[in-house]
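Trainee: Compute the structure for the input listed below.
(chains A and B)
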Amino acid sequence: MNSVPKHQREPSPLDYLTTKKDEFVGWARKFSLFPYPFVTACCAMEFMAVSSTPYDTDRFGAALPRFSPRQSDLLMVVGTINHKQAPVLRRVYEQMCEPKWVIAFGACATSGGFYQNYAALAGIDKIIPVDLYIPGCPPRPEMVIDGIMKLQDRIAHDRHPIFTEKF
Amino acid sequence: MAGGVFERIAARWGAEALEAATEHGLFALLLDPAQLAAVARSLKTEFGFDMLLDITAVDWPERAPRFDVVYHFYSTTDFVRVRLKTRVPLEAPSVDSLVALYNSARFQERECHEMYGIEFRGNGDLRPILLYEGFVGHPLRKDYPKHREQPLVPYLK
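Mentor: A predicted model of the protein is given here:
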């Protein structure tokens, strides 16, 4: 019963770790992406394929979709956006809390794809800022995984200010 | 084929129609706009065409009555289709509504109205379905500019 409490033991070599704040926050954030799937068109099939077991975005900490923009930090725009939907997309983006990232998934979200007409928005970057574009019609799962890893790299090496002009 | 229903329609309306022919297994009638409602009523009540499949239009920018308004009917007793076509000019692109005969005409006429600007006399609710309020013009007309955009959200710089 006279054993020494854990917190009073001699320190072992790995009890403390020094790192930089941005690296630490970036490391934490890059593995806890909560995607909001804004899925409008046929790219959805590829989104399901990449989300489920054969490819499994959970390996990258980006699997659990949140269907409320307030709980998510990665907006995945999957499919064609038309002018009638554009106000909805804009509002969903505005409702997401900082920090947030946007992926344009597939040719239509990136540029309108082959829908260059009265109805389609020629690229979501005309109305919201986009961090990463994944080309393809639809993109292969490998390309999506590559895109997610590139975004994670970017988050890991980004600045993560605790206080911003918005907060 | 078709239990002779095409022949019976031809006997009833063939003489009054501008053109009447069997094309690709369906019977097609080209009509004067004034005849349209009467022929549609006859198709429904006398010949059993109880389903209105489609209302659409075709734009012929070079032609004098510029638009074709096209109707497709289906008979669930004879399992055949009939097409009615009528021509309307750009200055007065209006035909009689079929809402009184077929409820499904309500939405199909709305769509035809927003895409081609065809007026359907008697349909009191011609608000856009696929387009949004404030959209100017009729995008499926051939003279609608291909790249004209009418965005609802202002573009970022």
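
Trainee: from here on, contacts and neighbour counts on C-alpha atoms
Mentor: Noted.

Trainee: Which stretches in the chain count as strands?
Mentor: The chain I'm using is chain A. A:35-39, A:74-78, A:101-105, A:132-134 (DSSP state E).

Trainee: wait, chain B
Mentor: According to DSSP E, the strands that chain B contains are B:19-23, B:26-31, B:51-59, B:67-74, B:81-88, B:94-96, B:119-121.

Trainee: Run a quick neighbour tally on B:Glu114.
Mentor: Residues near B:Glu114, counting by other Cα atoms under 10 Å in any protein chain shown, number 23.

Trainee: Per-residue pLDDT of A:Phe67, please?
Mentor: Predicted confidence (pLDDT) for A:Phe67: 87.

Trainee: Is it in contact with A:Val39, as I believe?
Mentor: No - using Cα atoms under 8 Å, A:Phe67 is not in contact with A:Val39; the gap is 11.1 Å.

Trainee: For chain A, find the nearest of the strands of chain B.
Mentor: Closest to chain A of the strands of chain B, according to Cα to the nearest Cα: strand B:51-59, at 17.0 Å.

Trainee: tilt between the closest one and strand B:67-74?
Mentor: Between strand B:51-59 and strand B:67-74, the angle comes out at 160 degrees (axes from the mean of the first three to the mean of the last three Cα atoms, to 10 degrees).

Trainee: list the contacts for A:Arg140?
Mentor: If a contact means Cα atoms under 8 Å, 6 or more residues apart in numbering or on different chains, then A:Arg140 has A:Glu46 as its contacts.

Trainee: same check, this time on A:Asp73
Mentor: By Cα under 8 Å, 6+ apart, the residues touching A:Asp73 are A:Leu33, A:Phe34, A:Pro35, A:Tyr36, A:Met96, A:Cys97, A:Glu98, A:Pro99, A:Lys100, A:Trp101.

Trainee: and of those residues, the nearest to B:Asp96?
Mentor: Among these, A:Tyr36 lies closest to B:Asp96 (Cα to Cα), at 47.2 Å.

Trainee: So which elements touch the longest helix along chain A?
Mentor: Longest helix in chain A by number of residues (criterion: DSSP state H): helix A:141-156. When contacts are defined as 3 or more Cα pairs under 8 Å, 6 or more residues apart in numbering or on different chains; DSSP states H and E, helix A:141-156 packs onto helix A:21-30, helix A:43-51, strand A:132-134.

Trainee: Quick one: closest of those to chain B.
Mentor: With Cα to the nearest Cα as the criterion, chain B lies closest to strand A:132-134 of the helices and strands packed on helix A:141-156, at 16.8 Å.

Trainee: residues making contact with the closest one?
Mentor: Strand A:132-134 is touched from outside by A:Val102, A:Ile103, A:Ala104, A:Phe105, A:Gly106, A:Ala107, A:Thr110, A:Met143, A:Val144, A:Gly147, A:Leu151, with contacts defined as Cα under 8 Å, 6+ apart.
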